[in-house]
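Q: Next come a sequence and a model predicted from it.
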Amino acid sequence: MTGAETSLRSKAVHGAAWSAMSSIILRLGSFAVGIVLARVLAPEQFGVYAVALTVQSILMTVADLGLSADLVRSKEPEKIAPTIATLGLVSGATTTAVTMAVSVPLASLLGSREAAPAIAVLSLTLVLGSISLVPYSILLRNFRQRALFLVGAVDFVISTSVTLVLVFAGFGVLGLALGRVAAQVVSSTMQFFLARVTPRYGLDRTRLRPILGFGLPIAAANLLAWGLMNIDNVILAHVAGTTALGFYVLAFNISGWPMNALSQSVRSISLPYFSRAGNGATALGVVVAVGWAGGLLAGGLLAALSGPLISVVYGDKWMPAAPVLAALGLFGAVRVVFDVFTGYLYASGNATSVLWIQILWLVGLVGSMVLVTPVYGIVGAAWVHLVIAVVVILPAYLVVLHRSGAHRREVLGRSVWPTAAAVPAIAVALLTRHLIEGSVAALLVGGFAAVGVFAVLVWPWARRQLALFREPGSGQDGTGVAATEPEPLAAMAPITVPEREADLGRVGHG
(Lines give C-alpha, C1' and ligand atoms only; values in the text may rest on other atoms or scores of the structure.)
Protein backbone atom coordinates (compact mmCIF):
# COMPACT_ATOMS: atom_id res chain seq x y z
CA MET A 1 0.00 0.00 0.00
CA THR A 2 1.51 3.36 -1.05
CA GLY A 3 1.90 6.42 1.14
CA ALA A 4 -0.92 8.13 -0.78
CA GLU A 5 -3.25 5.19 -0.15
CA THR A 6 -2.45 5.18 3.56
CA SER A 7 -2.94 8.92 3.78
CA LEU A 8 -6.33 8.90 2.06
CA ARG A 9 -7.66 6.04 4.14
CA SER A 10 -6.35 7.67 7.33
CA LYS A 11 -7.98 10.97 6.41
CA ALA A 12 -11.30 9.26 5.67
CA VAL A 13 -11.36 7.41 9.00
CA HIS A 14 -10.21 10.48 10.92
CA GLY A 15 -12.79 12.65 9.17
CA ALA A 16 -15.59 10.19 9.87
CA ALA A 17 -14.65 10.08 13.56
CA TRP A 18 -14.68 13.86 13.88
CA SER A 19 -17.92 14.11 11.91
CA ALA A 20 -19.57 11.52 14.15
CA MET A 21 -18.47 13.32 17.31
CA SER A 22 -19.60 16.65 15.90
CA SER A 23 -23.00 15.30 14.95
CA ILE A 24 -23.56 13.59 18.30
CA ILE A 25 -22.55 16.61 20.38
CA LEU A 26 -24.52 19.10 18.31
CA ARG A 27 -27.55 16.80 18.22
CA LEU A 28 -27.50 16.56 21.98
CA GLY A 29 -27.40 20.33 22.19
CA SER A 30 -30.18 20.67 19.66
CA PHE A 31 -32.14 18.05 21.57
CA ALA A 32 -31.88 20.08 24.79
CA VAL A 33 -32.95 23.29 23.07
CA GLY A 34 -35.82 21.46 21.39
CA ILE A 35 -37.12 20.38 24.78
CA VAL A 36 -37.16 24.00 25.98
CA LEU A 37 -38.89 25.22 22.82
CA ALA A 38 -41.46 22.41 22.90
CA ARG A 39 -42.44 23.40 26.44
CA VAL A 40 -42.61 27.12 25.55
CA LEU A 41 -44.21 27.01 22.11
CA ALA A 42 -47.56 25.51 21.20
CA PRO A 43 -47.87 22.68 18.62
CA GLU A 44 -49.48 25.18 16.24
CA GLN A 45 -46.37 27.41 16.37
CA PHE A 46 -44.20 24.41 15.58
CA GLY A 47 -46.41 23.80 12.57
CA VAL A 48 -46.13 27.39 11.36
CA TYR A 49 -42.34 27.31 11.61
CA ALA A 50 -42.27 23.95 9.83
CA VAL A 51 -43.95 25.57 6.83
CA ALA A 52 -41.36 28.36 6.77
CA LEU A 53 -38.48 25.93 7.21
CA THR A 54 -39.84 23.76 4.41
CA VAL A 55 -39.58 26.66 1.99
CA GLN A 56 -36.10 27.64 3.18
CA SER A 57 -34.78 24.09 3.00
CA ILE A 58 -36.01 23.45 -0.52
CA LEU A 59 -34.73 26.78 -1.83
CA MET A 60 -31.33 26.26 -0.20
CA THR A 61 -30.98 23.13 -2.29
CA VAL A 62 -31.91 25.03 -5.44
CA ALA A 63 -29.39 27.79 -4.68
CA ASP A 64 -26.55 25.26 -4.35
CA LEU A 65 -27.04 23.91 -7.91
CA GLY A 66 -24.98 20.84 -7.03
CA LEU A 67 -21.85 23.02 -7.18
CA SER A 68 -20.34 21.88 -3.89
CA ALA A 69 -20.33 18.22 -4.96
CA ASP A 70 -18.51 19.09 -8.17
CA LEU A 71 -15.80 20.99 -6.30
CA VAL A 72 -15.33 18.15 -3.80
CA ARG A 73 -14.77 15.56 -6.53
CA SER A 74 -12.93 17.72 -9.08
CA LYS A 75 -9.32 16.98 -10.10
CA GLU A 76 -8.82 20.71 -10.77
CA PRO A 77 -10.52 22.46 -7.84
CA GLU A 78 -8.45 25.65 -8.04
CA LYS A 79 -9.40 26.18 -11.68
CA ILE A 80 -13.15 25.74 -11.32
CA ALA A 81 -13.58 27.51 -7.94
CA PRO A 82 -14.05 31.09 -9.27
CA THR A 83 -16.73 29.96 -11.70
CA ILE A 84 -18.48 27.94 -9.00
CA ALA A 85 -18.32 30.92 -6.63
CA THR A 86 -19.92 33.20 -9.20
CA LEU A 87 -22.69 30.76 -10.12
CA GLY A 88 -23.48 30.11 -6.46
CA LEU A 89 -23.64 33.78 -5.51
CA VAL A 90 -25.93 34.66 -8.42
CA SER A 91 -28.21 31.74 -7.61
CA GLY A 92 -28.32 32.54 -3.88
CA ALA A 93 -29.01 36.23 -4.34
CA THR A 94 -31.73 35.55 -6.91
CA THR A 95 -33.57 33.00 -4.78
CA THR A 96 -33.44 35.33 -1.76
CA ALA A 97 -34.92 38.26 -3.70
CA VAL A 98 -37.67 36.16 -5.27
CA THR A 99 -38.59 34.44 -2.00
CA MET A 100 -38.89 37.71 -0.09
CA ALA A 101 -41.07 39.16 -2.84
CA VAL A 102 -43.54 36.24 -2.87
CA SER A 103 -43.42 35.22 0.81
CA VAL A 104 -47.06 36.15 1.55
CA PRO A 105 -48.74 34.37 -1.41
CA LEU A 106 -46.34 31.45 -0.95
CA ALA A 107 -47.29 31.06 2.72
CA SER A 108 -50.99 31.23 1.81
CA LEU A 109 -50.51 28.61 -0.88
CA LEU A 110 -48.93 26.29 1.71
CA GLY A 111 -51.90 26.72 4.04
CA SER A 112 -50.25 28.93 6.68
CA ARG A 113 -50.35 32.68 6.00
CA GLU A 114 -48.83 33.22 9.46
CA ALA A 115 -45.56 31.76 8.18
CA ALA A 116 -44.93 34.62 5.71
CA PRO A 117 -42.68 36.78 7.97
CA ALA A 118 -40.56 33.75 8.92
CA ILE A 119 -40.25 32.74 5.26
CA ALA A 120 -39.03 36.25 4.35
CA VAL A 121 -36.45 36.31 7.15
CA LEU A 122 -35.18 32.78 6.50
CA SER A 123 -34.69 33.61 2.82
CA LEU A 124 -31.66 35.70 3.85
CA THR A 125 -29.84 32.46 4.67
CA LEU A 126 -29.94 31.59 0.96
CA VAL A 127 -27.59 34.37 -0.08
CA LEU A 128 -25.56 34.12 3.14
CA GLY A 129 -25.08 30.40 2.61
CA SER A 130 -24.14 30.84 -1.05
CA ILE A 131 -21.31 33.20 -0.15
CA SER A 132 -19.27 30.49 1.56
CA LEU A 133 -19.87 27.48 -0.69
CA VAL A 134 -16.25 27.24 -1.86
CA PRO A 135 -14.54 27.32 1.57
CA TYR A 136 -17.06 24.82 2.90
CA SER A 137 -16.36 22.50 -0.04
CA ILE A 138 -12.62 22.81 0.51
CA LEU A 139 -12.96 21.82 4.16
CA LEU A 140 -15.11 18.86 3.17
CA ARG A 141 -12.81 17.80 0.34
CA ASN A 142 -9.78 17.75 2.63
CA PHE A 143 -11.61 15.81 5.37
CA ARG A 144 -11.26 18.75 7.78
CA GLN A 145 -14.12 17.64 9.97
CA ARG A 146 -12.53 19.12 13.08
CA ALA A 147 -12.77 22.58 11.53
CA LEU A 148 -16.37 21.91 10.47
CA PHE A 149 -17.12 20.79 14.01
CA LEU A 150 -15.87 24.15 15.30
CA VAL A 151 -18.08 25.94 12.78
CA GLY A 152 -21.08 23.85 13.80
CA ALA A 153 -20.45 24.44 17.49
CA VAL A 154 -20.27 28.23 17.10
CA ASP A 155 -23.28 28.14 14.77
CA PHE A 156 -25.24 26.25 17.42
CA VAL A 157 -24.29 28.61 20.25
CA ILE A 158 -25.22 31.73 18.26
CA SER A 159 -28.46 30.26 16.93
CA THR A 160 -29.54 28.97 20.33
CA SER A 161 -28.68 32.15 22.21
CA VAL A 162 -30.44 34.49 19.82
CA THR A 163 -33.44 32.17 19.43
CA LEU A 164 -34.06 31.67 23.16
CA VAL A 165 -33.68 35.38 23.94
CA LEU A 166 -36.13 36.35 21.21
CA VAL A 167 -38.63 33.56 21.97
CA PHE A 168 -38.76 34.49 25.66
CA ALA A 169 -39.08 38.14 24.60
CA GLY A 170 -42.27 37.24 22.77
CA PHE A 171 -41.06 37.02 19.16
CA GLY A 172 -42.39 33.46 18.82
CA VAL A 173 -41.78 31.84 15.44
CA LEU A 174 -39.94 34.91 14.15
CA GLY A 175 -37.36 34.46 16.90
CA LEU A 176 -36.47 31.04 15.47
CA ALA A 177 -35.94 32.56 12.02
CA LEU A 178 -33.82 35.47 13.27
CA GLY A 179 -31.66 33.11 15.31
CA ARG A 180 -30.99 31.05 12.21
CA VAL A 181 -29.94 34.12 10.18
CA ALA A 182 -27.58 35.37 12.92
CA ALA A 183 -25.87 31.97 13.10
CA GLN A 184 -25.53 31.79 9.30
CA VAL A 185 -23.64 35.09 9.21
CA VAL A 186 -21.10 33.86 11.76
CA SER A 187 -20.65 30.34 10.35
CA SER A 188 -20.17 31.57 6.77
CA THR A 189 -17.49 34.00 7.95
CA MET A 190 -15.69 31.32 9.96
CA GLN A 191 -15.44 28.98 6.99
CA PHE A 192 -13.38 31.52 5.06
CA PHE A 193 -10.88 31.87 7.90
CA LEU A 194 -10.60 28.13 8.56
CA ALA A 195 -10.24 27.20 4.89
CA ARG A 196 -7.81 30.11 4.34
CA VAL A 197 -9.74 31.22 1.31
CA THR A 198 -10.12 34.70 -0.12
CA PRO A 199 -13.16 35.60 -2.24
CA ARG A 200 -12.35 35.16 -5.92
CA TYR A 201 -14.96 35.37 -8.67
CA GLY A 202 -14.87 34.75 -12.38
CA LEU A 203 -16.61 32.95 -15.20
CA ASP A 204 -14.64 30.51 -17.33
CA ARG A 205 -17.00 29.68 -20.18
CA THR A 206 -15.02 26.58 -21.17
CA ARG A 207 -15.74 25.09 -17.73
CA LEU A 208 -19.31 26.33 -17.43
CA ARG A 209 -20.89 23.51 -19.40
CA PRO A 210 -19.24 20.57 -17.57
CA ILE A 211 -19.87 22.22 -14.18
CA LEU A 212 -23.56 22.67 -14.88
CA GLY A 213 -23.75 19.29 -16.63
CA PHE A 214 -22.62 17.58 -13.44
CA GLY A 215 -24.23 19.91 -10.92
CA LEU A 216 -27.73 20.42 -12.28
CA PRO A 217 -28.77 16.74 -12.07
CA ILE A 218 -27.51 16.72 -8.47
CA ALA A 219 -29.40 19.93 -7.72
CA ALA A 220 -32.53 18.48 -9.26
CA ALA A 221 -32.10 15.25 -7.30
CA ASN A 222 -31.52 17.18 -4.08
CA LEU A 223 -34.57 19.32 -4.80
CA LEU A 224 -36.63 16.20 -5.27
CA ALA A 225 -35.10 14.77 -2.09
CA TRP A 226 -36.24 17.80 -0.16
CA GLY A 227 -39.62 17.48 -1.80
CA LEU A 228 -39.71 13.92 -0.52
CA MET A 229 -38.88 15.08 3.00
CA ASN A 230 -41.27 18.02 2.94
CA ILE A 231 -44.20 17.22 0.67
CA ASP A 232 -45.90 15.62 3.65
CA ASN A 233 -45.71 18.95 5.51
CA VAL A 234 -47.43 20.72 2.64
CA ILE A 235 -50.17 18.11 2.35
CA LEU A 236 -50.73 17.85 6.10
CA ALA A 237 -50.92 21.63 6.51
CA HIS A 238 -53.91 21.57 4.14
CA VAL A 239 -55.51 18.31 5.28
CA ALA A 240 -54.89 18.25 9.03
CA GLY A 241 -54.01 21.85 9.94
CA THR A 242 -50.97 23.41 11.59
CA THR A 243 -51.63 21.92 15.05
CA ALA A 244 -51.51 18.35 13.75
CA LEU A 245 -48.53 19.35 11.63
CA GLY A 246 -46.79 20.48 14.81
CA PHE A 247 -47.13 16.99 16.31
CA TYR A 248 -45.89 15.45 13.06
CA VAL A 249 -42.88 17.77 12.81
CA LEU A 250 -41.87 16.99 16.39
CA ALA A 251 -41.94 13.26 15.62
CA PHE A 252 -40.01 13.74 12.39
CA ASN A 253 -37.34 15.76 14.20
CA ILE A 254 -36.98 13.13 16.91
CA SER A 255 -36.63 10.39 14.31
CA GLY A 256 -33.83 12.43 12.77
CA TRP A 257 -31.65 12.66 15.91
CA PRO A 258 -29.64 9.48 15.47
CA MET A 259 -30.26 9.21 11.73
CA ASN A 260 -28.90 12.64 10.90
CA ALA A 261 -25.89 12.05 13.15
CA LEU A 262 -25.11 8.78 11.36
CA SER A 263 -25.92 10.14 7.92
CA GLN A 264 -23.81 13.23 8.52
CA SER A 265 -20.82 11.09 9.47
CA VAL A 266 -21.21 8.86 6.44
CA ARG A 267 -22.08 11.66 4.02
CA SER A 268 -19.11 13.80 5.06
CA ILE A 269 -16.59 11.18 3.92
CA SER A 270 -18.46 9.05 1.37
CA LEU A 271 -18.25 11.37 -1.64
CA PRO A 272 -14.55 12.32 -1.29
CA TYR A 273 -13.64 8.75 -0.27
CA PHE A 274 -15.54 6.85 -2.98
CA SER A 275 -14.36 9.43 -5.55
CA ARG A 276 -10.75 8.44 -4.95
CA ALA A 277 -11.06 4.78 -3.95
CA GLY A 278 -9.86 2.37 -6.60
CA ASN A 279 -12.37 -0.31 -5.59
CA GLY A 280 -15.20 1.73 -4.12
CA ALA A 281 -17.74 -0.92 -5.16
CA THR A 282 -16.26 -3.34 -2.60
CA ALA A 283 -15.89 -0.67 0.08
CA LEU A 284 -19.58 0.16 -0.39
CA GLY A 285 -20.71 -3.08 1.27
CA VAL A 286 -18.70 -2.38 4.42
CA VAL A 287 -19.86 1.24 4.74
CA VAL A 288 -23.51 0.28 4.18
CA ALA A 289 -23.35 -2.51 6.76
CA VAL A 290 -21.82 -0.34 9.47
CA GLY A 291 -24.28 2.50 8.80
CA TRP A 292 -27.22 0.09 8.80
CA ALA A 293 -26.14 -1.46 12.11
CA GLY A 294 -26.21 1.88 13.90
CA GLY A 295 -29.28 3.16 12.09
CA LEU A 296 -31.42 0.08 12.66
CA LEU A 297 -30.70 -0.05 16.39
CA ALA A 298 -31.44 3.64 16.86
CA GLY A 299 -34.54 3.60 14.67
CA GLY A 300 -35.86 0.43 16.28
CA LEU A 301 -35.48 1.88 19.77
CA LEU A 302 -37.25 5.09 18.76
CA ALA A 303 -40.12 3.01 17.42
CA ALA A 304 -40.32 0.68 20.42
CA LEU A 305 -40.02 3.39 23.07
CA SER A 306 -41.75 6.28 21.29
CA GLY A 307 -44.46 6.73 23.93
CA PRO A 308 -42.22 6.83 27.03
CA LEU A 309 -39.68 9.00 25.20
CA ILE A 310 -42.15 11.71 24.23
CA SER A 311 -43.89 11.64 27.62
CA VAL A 312 -40.65 12.05 29.57
CA VAL A 313 -38.90 14.54 27.32
CA TYR A 314 -41.65 16.77 25.99
CA GLY A 315 -44.66 16.17 28.20
CA ASP A 316 -48.02 14.50 27.73
CA LYS A 317 -49.39 17.33 25.58
CA TRP A 318 -47.19 15.96 22.76
CA MET A 319 -48.32 12.32 23.03
CA PRO A 320 -50.23 12.38 19.69
CA ALA A 321 -46.75 12.35 18.13
CA ALA A 322 -45.88 8.91 19.58
CA PRO A 323 -47.49 6.65 16.93
CA VAL A 324 -46.01 8.87 14.22
CA LEU A 325 -42.54 8.40 15.69
CA ALA A 326 -42.98 4.62 15.70
CA ALA A 327 -43.03 4.55 11.89
CA LEU A 328 -40.60 7.40 11.26
CA GLY A 329 -37.96 5.86 13.52
CA LEU A 330 -37.71 2.84 11.22
CA PHE A 331 -37.84 5.07 8.14
CA GLY A 332 -34.86 7.00 9.50
CA ALA A 333 -32.79 3.82 9.59
CA VAL A 334 -33.45 3.25 5.89
CA ARG A 335 -32.46 6.86 5.14
CA VAL A 336 -28.95 6.20 6.46
CA VAL A 337 -28.44 3.46 3.87
CA PHE A 338 -29.86 5.61 1.09
CA ASP A 339 -27.35 8.34 1.98
CA VAL A 340 -24.49 5.89 1.45
CA PHE A 341 -25.95 4.72 -1.86
CA THR A 342 -26.27 8.32 -3.05
CA GLY A 343 -22.68 9.17 -2.09
CA TYR A 344 -21.40 6.16 -4.03
CA LEU A 345 -23.43 7.01 -7.12
CA TYR A 346 -22.34 10.65 -7.07
CA ALA A 347 -18.71 9.57 -6.71
CA SER A 348 -19.04 7.24 -9.69
CA GLY A 349 -20.57 10.01 -11.81
CA ASN A 350 -24.13 8.63 -11.82
CA ALA A 351 -25.95 11.73 -10.60
CA THR A 352 -28.63 11.29 -13.27
CA SER A 353 -29.55 7.87 -11.88
CA VAL A 354 -30.10 9.42 -8.46
CA LEU A 355 -32.32 12.02 -10.09
CA TRP A 356 -34.55 9.34 -11.66
CA ILE A 357 -34.81 7.52 -8.35
CA GLN A 358 -35.87 10.75 -6.65
CA ILE A 359 -38.50 11.34 -9.33
CA LEU A 360 -39.87 7.83 -8.80
CA TRP A 361 -39.84 8.39 -5.04
CA LEU A 362 -41.63 11.73 -5.25
CA VAL A 363 -44.34 10.40 -7.55
CA GLY A 364 -44.98 7.39 -5.31
CA LEU A 365 -44.94 9.47 -2.15
CA VAL A 366 -47.26 12.21 -3.40
CA GLY A 367 -49.78 9.74 -4.78
CA SER A 368 -49.80 7.71 -1.58
CA MET A 369 -49.98 10.78 0.66
CA VAL A 370 -52.95 12.18 -1.22
CA LEU A 371 -54.80 8.86 -0.81
CA VAL A 372 -53.79 8.03 2.77
CA THR A 373 -53.56 11.26 4.77
CA PRO A 374 -57.22 12.36 4.43
CA VAL A 375 -58.21 9.04 6.05
CA TYR A 376 -55.36 8.22 8.44
CA GLY A 377 -53.90 11.68 9.09
CA ILE A 378 -50.37 12.15 10.44
CA VAL A 379 -49.96 8.47 11.40
CA GLY A 380 -50.80 7.37 7.87
CA ALA A 381 -48.34 9.90 6.45
CA ALA A 382 -45.55 8.43 8.59
CA TRP A 383 -46.22 4.86 7.45
CA VAL A 384 -46.36 5.98 3.80
CA HIS A 385 -42.74 7.14 4.11
CA LEU A 386 -41.59 3.75 5.39
CA VAL A 387 -43.57 1.59 2.95
CA ILE A 388 -42.55 3.55 -0.16
CA ALA A 389 -38.89 3.53 0.92
CA VAL A 390 -38.74 -0.24 1.46
CA VAL A 391 -41.05 -1.49 -1.29
CA VAL A 392 -40.19 0.93 -4.11
CA ILE A 393 -36.98 2.87 -3.54
CA LEU A 394 -34.69 0.23 -2.05
CA PRO A 395 -35.13 -2.10 -5.07
CA ALA A 396 -34.60 0.86 -7.42
CA TYR A 397 -31.31 1.75 -5.72
CA LEU A 398 -30.12 -1.85 -5.88
CA VAL A 399 -30.78 -2.01 -9.62
CA VAL A 400 -28.87 1.22 -10.26
CA LEU A 401 -25.99 0.17 -7.98
CA HIS A 402 -25.66 -3.12 -9.87
CA ARG A 403 -25.40 -1.25 -13.16
CA SER A 404 -22.71 0.97 -11.58
CA GLY A 405 -20.52 -2.01 -10.71
CA ALA A 406 -21.55 -2.62 -7.10
CA HIS A 407 -22.27 -6.17 -5.92
CA ARG A 408 -25.83 -6.35 -4.61
CA ARG A 409 -25.28 -9.69 -2.91
CA GLU A 410 -22.32 -8.32 -0.99
CA VAL A 411 -24.13 -5.13 0.01
CA LEU A 412 -27.15 -7.08 1.30
CA GLY A 413 -25.15 -9.99 2.70
CA ARG A 414 -23.01 -7.83 4.98
CA SER A 415 -26.17 -6.34 6.51
CA VAL A 416 -27.77 -9.66 7.49
CA TRP A 417 -26.05 -10.03 10.85
CA PRO A 418 -26.83 -6.55 12.25
CA THR A 419 -30.44 -7.04 11.13
CA ALA A 420 -30.64 -10.34 12.99
CA ALA A 421 -28.99 -8.82 16.08
CA ALA A 422 -31.45 -5.91 16.13
CA VAL A 423 -34.52 -8.18 16.34
CA PRO A 424 -33.96 -9.48 19.91
CA ALA A 425 -32.70 -6.05 21.02
CA ILE A 426 -35.88 -4.30 19.86
CA ALA A 427 -37.99 -7.14 21.30
CA VAL A 428 -36.39 -6.52 24.71
CA ALA A 429 -37.30 -2.82 24.47
CA LEU A 430 -40.92 -3.64 23.57
CA LEU A 431 -41.23 -6.17 26.37
CA THR A 432 -39.84 -3.71 28.89
CA ARG A 433 -42.26 -1.04 27.74
CA HIS A 434 -45.23 -3.32 28.40
CA LEU A 435 -43.99 -4.69 31.72
CA ILE A 436 -42.92 -1.40 33.34
CA GLU A 437 -45.60 1.20 33.94
CA GLY A 438 -43.56 4.34 34.64
CA SER A 439 -42.40 6.18 31.52
CA VAL A 440 -38.98 7.10 32.94
CA ALA A 441 -38.23 3.56 34.11
CA ALA A 442 -39.50 2.01 30.87
CA LEU A 443 -37.37 4.38 28.81
CA LEU A 444 -34.15 3.85 30.78
CA VAL A 445 -34.43 0.13 31.41
CA GLY A 446 -35.69 -0.66 27.92
CA GLY A 447 -33.08 1.47 26.22
CA PHE A 448 -30.06 0.20 28.14
CA ALA A 449 -31.20 -3.43 27.98
CA ALA A 450 -31.71 -3.28 24.23
CA VAL A 451 -28.35 -1.62 23.61
CA GLY A 452 -26.65 -4.24 25.80
CA VAL A 453 -28.22 -7.15 23.91
CA PHE A 454 -27.35 -5.61 20.55
CA ALA A 455 -23.75 -4.83 21.58
CA VAL A 456 -23.11 -8.41 22.73
CA LEU A 457 -24.46 -9.86 19.49
CA VAL A 458 -22.97 -7.42 17.02
CA TRP A 459 -19.56 -6.52 18.46
CA PRO A 460 -17.52 -9.41 16.94
CA TRP A 461 -19.10 -8.71 13.55
CA ALA A 462 -18.46 -4.95 13.85
CA ARG A 463 -14.76 -5.52 14.57
CA ARG A 464 -14.42 -7.60 11.42
CA GLN A 465 -16.08 -4.93 9.28
CA LEU A 466 -13.89 -2.14 10.62
CA ALA A 467 -10.82 -4.30 10.06
CA LEU A 468 -11.86 -4.80 6.43
CA PHE A 469 -12.16 -1.05 5.97
CA ARG A 470 -8.54 -0.61 7.13
CA GLU A 471 -7.10 -3.44 5.01
CA PRO A 472 -4.93 -2.74 1.96
CA GLY A 473 -6.81 -2.45 -1.30
CA SER A 474 -5.48 -5.56 -2.98
CA GLY A 475 -7.80 -8.15 -1.47
CA GLN A 476 -11.42 -8.82 -2.13
CA ASP A 477 -12.49 -7.04 1.00
CA GLY A 478 -10.13 -4.13 0.76
CA THR A 479 -11.12 -0.65 -0.12
CA GLY A 480 -8.70 -0.45 -3.00
CA VAL A 481 -7.62 3.14 -2.59
CA ALA A 482 -5.58 3.98 -5.62
CA ALA A 483 -5.73 7.71 -5.98
CA THR A 484 -3.45 10.48 -4.94
CA GLU A 485 -4.16 12.97 -2.22
CA PRO A 486 -6.16 16.06 -3.04
CA GLU A 487 -4.06 18.97 -4.15
CA PRO A 488 -3.65 21.76 -1.60
CA LEU A 489 -6.19 24.46 -2.22
CA ALA A 490 -4.88 27.95 -1.78
CA ALA A 491 -6.69 31.15 -2.61
CA MET A 492 -10.18 30.36 -3.79
CA ALA A 493 -13.63 31.77 -3.87
CA PRO A 494 -16.77 31.55 -1.71
CA ILE A 495 -20.22 30.03 -0.94
CA THR A 496 -21.87 27.18 1.20
CA VAL A 497 -24.17 24.24 1.20
CA PRO A 498 -27.16 23.82 3.47
CA GLU A 499 -27.55 20.94 5.84
CA ARG A 500 -30.36 18.83 4.47
CA GLU A 501 -32.35 18.45 7.66
CA ALA A 502 -35.42 19.81 9.36
CA ASP A 503 -34.42 20.60 12.93
CA LEU A 504 -36.58 23.35 14.37
CA GLY A 505 -34.51 26.46 14.77
CA ARG A 506 -31.37 24.91 13.37
CA VAL A 507 -30.36 24.54 9.75
CA GLY A 508 -26.60 24.69 9.37
CA HIS A 509 -24.06 23.46 6.87
CA GLY A 510 -22.97 19.99 6.05
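A: Everything's here; your move.
Q: which sections of the stretch 401-510 of the chain are below the confidence cut-off?
A: 465-510 (pLDDT under 70).
Q: which SSE is L302 in?
A: Per DSSP states H and E: L302 is located in helix 280-304.
Q: what's downstream of that helix, the next helix or strand?
A: Assigned by DSSP H and E, the successor of helix 280-304 is helix 306-313.
Q: Please name every helix or strand in contact with that next one.
A: helix 241-276, helix 322-347, helix 439-470 (3 or more CB pairs under 8 Å, 6 or more residues apart in numbering; DSSP states H and E). All C-beta spots, glycine's among them, are computed from the backbone N, C-alpha and C.
Q: same thing but 7 Å
A: helix 322-347, helix 439-470 (3 or more CB pairs under 7 Å, 6 or more residues apart in numbering; DSSP states H and E).
Q: if we can go back for a sec, the inter-axis angle of the helix holding L302 versus helix 322-347?
A: With axes from the mean of the first three to the mean of the last three CA atoms, to 10 degrees applied, the angle from helix 280-304 to helix 322-347 works out at 170 degrees.
Q: quick one, helix 280-304 and helix 306-313 angle?
A: Here helix 280-304 points in a direction 70 degrees away from that of helix 306-313 (the same axes, to 10 degrees).
Q: All further residue positions should be reported with the first residue as 38.
A: Okay, using 38 as the starting number, the last item reads as helix 317-341.
Q: Helix 317-341 packs against which elements?
A: So helix 317-341, by 3+ CB pairs under 7 Å, 6+ apart, packs with helix 278-313, helix 359-384, helix 445-450, helix 453-472, helix 476-507.
Q: Format those helices as CSV; extra columns: distance to V158 and mean neighbour count.
A: CSV is the format used below for those (distance: least, CB to CB, whole Å; neighbours: other CB atoms under 10 Å):
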stretch, distance to V158, mean neighbour count
helix 278-313, 18, 25
helix 359-384, 28, 24
helix 445-450, 43, 16
helix 453-472, 41, 18
helix 476-507, 36, 16
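Q: picking up where we left off before, mind giving me JSON lines with the helices and strands packed on helix 343-350 and columns for distance to P461?
A: JSON lines is the format used below for those (distance: least, CB to CB, whole Å):
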{"stretch": "helix 359-384", "distance to P461": "16"}
{"stretch": "helix 476-507", "distance to P461": "6"}
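Q: Mind jotting down where the strands sit in the stretch 38-187 of the chain?
A: Counting by DSSP state E, counting those that start in this stretch, the stretch 38-187 of the chain has no strands at all.
Q: Hmm, P357 and S343 touching each other?
A: No - between S343 and P357 there is no contact under CB atoms under 7 Å: 11.3 Å.
Q: Settle it for me: which of these two has more neighbours?
A: Remark: of S343 and P357, S343 carries more neighbours, 24 against 20, as counted by other CB atoms under 10 Å.
Q: Tell me who's in contact with the more buried one.
A: A359, L362, A363, G366 (CB atoms under 7 Å, 6 or more residues apart in numbering).
Q: Equivalent analysis for R246, please.
A: Applying CB under 7 Å, 6+ apart, no residues contact R246.
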